[in-house]
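Make a model of this:
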Amino acid sequence: MPTMNDSKSSHRLAGRVALISGGAQGIGRAIAALFQRQGACVFILDCDAGSGQQTAAELTAENPALPVKYLLADLREPTAIRNAVDVLRKLHDRLDVLVNNAGVELEKSLEKLTMADWDLVLDVNLRGAFLLTQAVVPLFAESGGAIVNISSIHASHAFPDSIPYACSKAGLVALTRNLALELASRHIRVNCICPGYIDTRLWEEYLRNSANPKVLAELTTALHPLGRRGVPADVSEAALFLASDSSAFITGTDLIVDGGLTLRAHG
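Modelled structure (predicted):
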């Protein structure tokens, strides 16, 4: 599995400014940490002030030369997004990389879903990504940059009790493609990553709360042809590739990072 030393060339994001939503924990934190190690000036945006400030402080302590800055914003609130972007603008007059990672997941059957459930998931996962992108695009320099959206294999494969989440992630893939076309003339590349099962704190909590954590862990591992579930570093390495010049001729694509899980679904 990937380690923090797997990025073959160091400082692939040297001198660049990156903003990562949902950067306080899990996949977002892994992306923030890797981008910082690769030389970027990193901002993490999160609605959880405690976790956001703690993550920024921990990453800054690991590399004081590149302090990580925290921005507070709830992606359901357009005013909060604009205020956070204004803070970024005052500290840096440009942005080179945006990672739309923030998201919420909710598992309910059709009969139990409420409009509040639907609105929460779509507002954060899709509308929030759109609003944040719209707010920061003016900060991209004439030389362009990269936007990386974190979608999911739920965008293309059906799973039980996942209607709002799947719709939001499928919408994010469509948003990616349309933004890629519209922003190409400004030299802004837009791509997305579709992770499968990734071991994060939320996944660990889900396992612990299941009827039989050991059986569920073994079952989900066995589903992967590569023999394991993913870890946040699997996604952060993919995000680095799409954010860096290594993918300079790639835009409008969705990269599946799932250890081969969806291959079984295709039979």
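
doesn't Pro195 make contact with Ile150?
Yes: with contact defined as Cβ atoms under 8 Å, Ile150 reaches Pro195; the gap is 7.0 Å. Backbone N, C-alpha and C define where each C-beta goes, glycine included.

Between the two, which has more neighbouring residues?
Ranked by neighbour count (other Cβ atoms under 10 Å), Ile150 and Pro195 place Ile150 first, with 27 against 23.

The more buried one: what's its closest spatial neighbour, skipping adjacent residues?
Asn101 (4.4 Å; Cβ to Cβ, 6 or more residues apart in numbering).

Enumerate every residue touching that neighbour.
Contacts here follow Cβ atoms under 8 Å, 6 or more residues apart in numbering; on that basis Asn101 touches Ile20, Ser21, Gly22, Gly23, Ile27, Gly28, Ile31, Ile150.

distance of it from Leu122?
Distance, Asn101 to Leu122, using Cβ to Cβ, to the nearest Å: 17 Å.

Ok, Leu240 next?
28 Å.

quick one, which of the two is more surrounded?
Comparing Leu240 with Leu122 by other Cβ under 10 Å, the one with more neighbours is Leu240, at 23 against 18.

Tell me how far the helix or strand hosting that one lies from the chain's centre.
Assigned by DSSP states H and E, Leu240 belongs to helix 232-243. Its chain's C-alpha centre and that of helix 232-243 lie 9 Å apart, by Cα atoms, centre = their mean, to the nearest Å.

Determine the set of other helices and strands touching that helix.
With contacts defined as 3 or more Cβ pairs under 8 Å, 6 or more residues apart in numbering; DSSP states H and E, helix 232-243 has these neighbours: helix 26-37, strand 97-100, strand 145-150, strand 188-195, strand 254-257.

between that helix and strand 188-195, how many degrees?
Orientation of helix 232-243 against strand 188-195 (axes from the mean of the first three to the mean of the last three Cα atoms, to 10 degrees) gives an angle of 160 degrees.

Could you check the pLDDT of the residue nearest to Ile150?
If you check Asn101, the pLDDT there is 98.

where in this structure is pLDDT low?
Residue ranges of the chain with pLDDT under 70: 1-9, 265-267.

What strand or helix carries Ala56?
Per DSSP H and E: helix 49-62 holds Ala56.

how much space between the residue nearest the centre of the chain and Val215?
Residue closest to the average C-alpha location in the chain (Cα atoms, centre = their mean): Asn101, at 2.4 Å. Using Cβ to Cβ, Asn101 is found at 30 Å from Val215.

Check Asp161 too.
Remark: distance between Asp161 and Val215 (Cβ to Cβ) = 19 Å.

ok, the two, which is more surrounded?
Each of Asp161 and Val215 has its neighbours counted (other Cβ under 10 Å); Asp161 has more, 14 against 10.

I am finished for the moment; much appreciated.
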